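Novice: Dropping a prediction and its sequence here:
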Amino acid sequence: MLTRVAVLVSGGGTNLQALIDAQAAGRLGSGKIALVISNRKAAYALERAKNAGIERAVLSKYMKPDPDDYDAALLDMLRAHGIDMIALAGFLGIIGPKVLAAYEGRIVNIHPALIPSFCGMGYYGLRVHEAALARGVKVTGATAHLVNGEVDGGPILLQKAVEVQPDDTPETLQRRVMEQAEWEILPRAVRMISDQISNGRMN
């Protein structure tokens, strides 16, 4: 039994591409990417979905400016497509309480640091790597975790460490963390949860 996965995106979609590539290689287990939803109409991730033959949709805050309306509309969209679980792949938005409740334990996020370091409100994109370099850490990495009502506060599923190099810039560190950690553990986390769903270990 396949687990239908919705991937939520906001930008270029490199983590989405990692999931698409993992699926093509048979590394998503029972997981099948059934829908890509972007909160930005111009996100290149939508083009990646199109190229892979995956259904795509846009639901932006301009379309639904009220957070409660956005939450309800997103839930309706997910249910209309028979979605079993959600993967956040560079999604710069907040998941509302209706979706959180409906998909409890079934929403996976990737964060570009070793939680609990450099996480929470305001820590996203290059800001995470700027903060890591400013603090002088020697090791950083990425964390795949479940999503709850606290930003970056859900249970940790997987982590992978990446060494910081003396000449790193935020941009070079960001790229290496993506290549060495994010693109590896996000597909593994999606497989982990999707296999649990398909095997009936989740209600």
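Specialist: Arrived safely, thanks for sending.
Novice: Can you list the low-confidence ranges for this protein?
Specialist: Residue ranges of the chain with pLDDT under 70: 201-203.
Novice: show me where it has helices.
Specialist: Under the criterion DSSP state H, the chain carries helices at the ranges 14-24, 45-51, 67-80, 97-102, 126-135, 170-177, 183-198.
Novice: end-to-end on stretch 146-166?
Specialist: One end of stretch 146-166 sits 32 Å from the other (C-alpha to C-alpha, to the nearest Å).
Novice: Of all the helices of the chain, which one is nearest residue 157?
Specialist: Closest of these to residue 157 is helix 183-198, at 4.6 Å (criterion: C-beta to C-beta). For every residue, glycine as well, the C-beta is placed using N, CA and C.
Novice: returning to that earlier point: possible to save the helices of the chain as JSON lines with distance to residue 110 and mean neighbour count?
Specialist: Conversion of the helices of the chain to JSON lines gives the following (distance: least, C-beta to C-beta, whole Å; neighbours: other C-beta atoms under 10 Å):
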{"stretch": "helix 14-24", "distance to residue 110": "6", "mean neighbour count": "21"}
{"stretch": "helix 45-51", "distance to residue 110": "14", "mean neighbour count": "18"}
{"stretch": "helix 67-80", "distance to residue 110": "19", "mean neighbour count": "16"}
{"stretch": "helix 97-102", "distance to residue 110": "18", "mean neighbour count": "16"}
{"stretch": "helix 126-135", "distance to residue 110": "11", "mean neighbour count": "17"}
{"stretch": "helix 170-177", "distance to residue 110": "10", "mean neighbour count": "18"}
{"stretch": "helix 183-198", "distance to residue 110": "4", "mean neighbour count": "21"}
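Novice: Give the burial count for residue 11, as a bare number.
Specialist: By other C-beta atoms under 10 Å, the residues close to residue 11 number 19.
Novice: That one touches residue 124, doesn't it?
Specialist: No: in this structure, residue 11 is not within contact of residue 124 by C-beta atoms under 8 Å, at 10.5 Å.
Novice: Identify the contacts common to the two.
Specialist: By the contact definition C-beta atoms under 8 Å, 6 or more residues apart in numbering, residue 11 and residue 124 are jointly contacted by residue 92.
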